[in-house]
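Student: A predicted structure for the sequence below; I have some questions about it.
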Amino acid sequence: FSWIGYEILSRYAEKYPNKFKIVLKNCSIQPIFAASKNTSHTSRNKQKYRFLDLQRSAKWGGIHTGINLPSTFPIDPTLPNRVLVAMSQSGERPDKVPSVSRELWRMYWCDDIIISKTENIEKAMANAGLTDQEIARYLSQAQTEGVATILKENTNVAIETGSFGHPWLIVKREGKKDEVFFGSDRYHVLFPLVDVTWVGPFPNNSKL
């Protein structure tokens, strides 16, 4: 759902660049589940429905590459999360953070590739256009205590603001209280906060 939500959000950000910008913050999901005492993800019936809903939502949101339940689920997302944090913190290739994120999402949810493995993360970064030198540098930085600390801090912010899962969105506006949203289907409530009209998942197709 984070992938679907991001794709929709990015379409609006591209159309309305003066209204808002997206800041991606990777978090660790297991501490969020533990802190919020969220055990709904362990329900067999809910998991079965969740994946059905995921496929429907992907089609609605314009991801037509065939989202499926991975053969290995869940996986440990620590390394890919740390790599993305390292890329975000470097400031050298911020444009590549969304690209690598999309590759990782696609590999896991469409191609059934275990993205917790180093070689598969390398492949995702290469597919996104990073050089061998950049790939090696970010993988190295991902092992540092500094990156681990930032990932923990991001997770703590999510917990402190009430998160119980992903995607968790925080709308920040100068002089106003932060607003939080869960899920990829709350944009009709979220966008008016930044003076943007919700017209469905494809704003460029709207005549408004």
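Tutor: Received it, and whenever you're ready, just let me know what you need.

Student: Past the lowest-mean-pLDDT helix or strand in the chain, which element shows up next along the chain?
Tutor: Sorting the helices and strands of the chain by mean pLDDT, DSSP states H and E puts helix 44-60 at the bottom, at a mean of 88. From helix 44-60 onward toward the C-terminus, using DSSP states H and E, the following helix or strand is helix 78-90.

Student: Quick one: list the elements packing against that following helix.
Tutor: Packing partners of helix 78-90 (3 or more CB pairs under 8 Å, 6 or more residues apart in numbering; DSSP states H and E): helix 96-109, helix 118-127, helix 132-141, helix 145-160. Every residue, glycine included, has its C-beta placed from N, CA and C.

Student: Mind exporting the C-alpha coordinates of it to CSV?
Tutor: C-alpha atoms of helix 78-90 as CSV (Å, rounded to 0.1, in the frame of the first residue of the first chain):
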residue,chain,number,x,y,z
THR,A,78,16.4,-3.5,7.7
LEU,A,79,19.1,-3.4,5.0
PRO,A,80,17.0,-1.9,2.2
ASN,A,81,15.7,0.7,4.7
ARG,A,82,19.2,1.6,5.7
VAL,A,83,20.4,1.9,2.2
LEU,A,84,17.6,4.3,1.4
VAL,A,85,18.3,6.3,4.5
ALA,A,86,22.0,6.5,3.5
MET,A,87,21.0,7.8,0.1
SER,A,88,18.6,10.3,1.6
GLN,A,89,21.3,11.6,4.0
SER,A,90,24.0,11.9,1.4
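
Student: could you give the angle of it to helix 132-141?
Tutor: 110 degrees (axes from the mean of the first three to the mean of the last three CA atoms, to 10 degrees).

Student: Helix 78-90: which residues count as buried?
Tutor: Buried residues in helix 78-90, counting neighbours by 16 or more other CB atoms under 10 Å, are found at 79-88.

Student: Tabulate those (TSV), appending pLDDT.
Tutor: Shown next, in TSV, are those (pLDDT from 0 to 100):
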residue	pLDDT
79	98
80	98
81	98
82	98
83	97
84	97
85	97
86	96
87	96
88	94
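
Student: Tabulate those residues (CSV), appending distance to residue 59.
Tutor: Formatted as CSV, the buried residues of helix 78-90 follow (distance: CB to CB, whole Å):
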residue, distance to residue 59
79, 30
80, 25
81, 27
82, 32
83, 29
84, 26
85, 31
86, 33
87, 30
88, 30
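
Student: now, among those residues, which is nearest to residue 126?
Tutor: residue 83 (12.6 Å; CB to CB).

Student: distance of the closest one from residue 128?
Tutor: The spacing between residue 83 and residue 128, counted by CB to CB, to the nearest Å, is 11 Å.

Student: quick one: common contacting residues for those two?
Tutor: Common contacts of residue 83 and residue 128 (CB atoms under 8 Å, 6 or more residues apart in numbering): residue 100.
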